[in-house]
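>>> Below: sequence and its predicted model.
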Amino acid sequence: MLDLVRPFAFLTIRHPSRLPGAVNWLAPLILALLVSVALLAPSASINVYGPQGLLERLLIFVQTLVGFYIAALAAVSSFNSPHLDKIMPHPAPTMYIKHNGVLQLVQATRRRFLTSMFAYLAAISFLFALMAIATLTAVPAVRAAWPVEVVSVIRALGIFCFLFIIFQLTLVTLWGLFYLGERMLTPD
C-alpha cells in the first residue's frame, strides 16, 4: 500500500543548498498566499468556482500536463545513457529509495532525480485534476446547504490549496526544464 505514495518520494530530496525546500514548499507557499489574498479581496470579482472560472480553466490546463509528465518519465527512465546514471555533482542531493523493502538514503543520480521529479509531477497533476473535478461538482450543493460564513472559509481554503499546487507544479516543472535544458549538458 505504501508503494502507491512512492511518486511523492521526490519531496524527500535534500541538498545542502536547500533548493528543494525552496522550490517545493517556500516559493509556492508565498505565491499562493499572495495570489489568494488578491483573489479574496473585497474588490476582486474573479470567477473562481463557476462555469468558465479560474478552477475550470486550470483543470483544462493541468489535464494536458499529466500526459506530458508521463511521457517525460518514460523517456528519462528508458534512455540508454551512462551519463544519466552518474551521481550528480558534489554535493549530490540525497533522497530515500525503497530497496528490498527498506527505505535507504542514497545520493541521487541524474536519472533518479529526473524520474522522481516527473513521477511526482504526474501524480500531483493527476490528483489536482481529480480534486478540481470533485470540487466543481460539489460547489453548487455546498453553496445551497451550508451557511455563507462556512462557505466563505471553505472557498478561501480551496483557493489557497489549488493555487499552492499550481505554483508548485509550475516551479518544479521549470526546475526540471532547467535541469534537462541546461544543467544536464554542463560539465561537472
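Structure received.
>>> which residues touch the helix or strand of the chain with the lowest mean pLDDT?
Within the chain, no helix or strand scores below strand 94-99, which has a mean of 88 by mean pLDDT, DSSP states H and E. Outside strand 94-99, the residues within contact range by CB atoms under 8 Å, 6 or more residues apart in numbering are 3, 6, 9-10, 12-15, 103-108, 112-113, 116. C-betas here are computed from N, CA, C, even on glycine.
>>> Which ones among these map onto strands?
103-107 (DSSP state E).
>>> picking that back up, and the least confident helix or strand of the chain, how far out from the chain's middle?
19 Å (CA atoms, centre = their mean, to the nearest Å).
>>> I figured His15 was touching Pro91, is that so?
Yes. With contacts defined as CB atoms under 8 Å, His15 counts as touching Pro91 at a distance of 7.0 Å.
>>> When those two are compared, which one has more neighbours?
His15 (15 against 10; other CB atoms under 10 Å).
>>> what's the closest residue in space to the more buried one that isn't next to it in sequence in contact with, if anything?
Leaving aside its chain neighbours, His15 sits nearest to Pro93 (4.3 Å; criterion: CB to CB, 6 or more residues apart in numbering). By CB under 8 Å, 6+ apart, the contact set of Pro93 is 13-15, 20, 107-108, 113.
>>> Please repeat the previous calculation with a cut-off of 6 Å.
Going by CB atoms under 6 Å, 6 or more residues apart in numbering, Pro93 touches 13, 15, 108.
>>> gap between the first one and Asp85?
With the distance defined as CB to CB, to the nearest Å, Ile13 ends up 17 Å from Asp85.
>>> Which one of these two is surrounded by more residues?
Each of Ile13 and Asp85 has its neighbours counted (other CB under 10 Å); Ile13 has more, 21 against 11.
>>> State the number of residues packed around the residue lying closest to Leu29 once chain neighbours are set aside.
Distances taken as CB to CB, 6+ apart place Phe164 nearest to Leu29, at 6.6 Å, with adjacent residues excluded. Residues lying near Phe164 (other CB under 10 Å) number 18.
>>> Doesn't Phe164 belong to a strand?
No. Counting by DSSP: H, G, I helix; E, B strand; the rest coil, Phe164 is located in no strand; its state is helix.
>>> Just give the closest residue to Ala92, not the sequence neighbours.
Gln107 (4.1 Å).
>>> who's in contact with that neighbour?
87, 92, 94.
>>> May I see the buried residues of the strand or helix carrying Gly21?
Per DSSP states H and E: Gly21 is located in helix 19-21. By 16 or more other CB atoms under 10 Å, the buried positions in helix 19-21 come out as Pro20.
>>> continuing past it, what's the next helix or strand?
Taking DSSP H and E, what comes next after helix 19-21 is helix 27-40.
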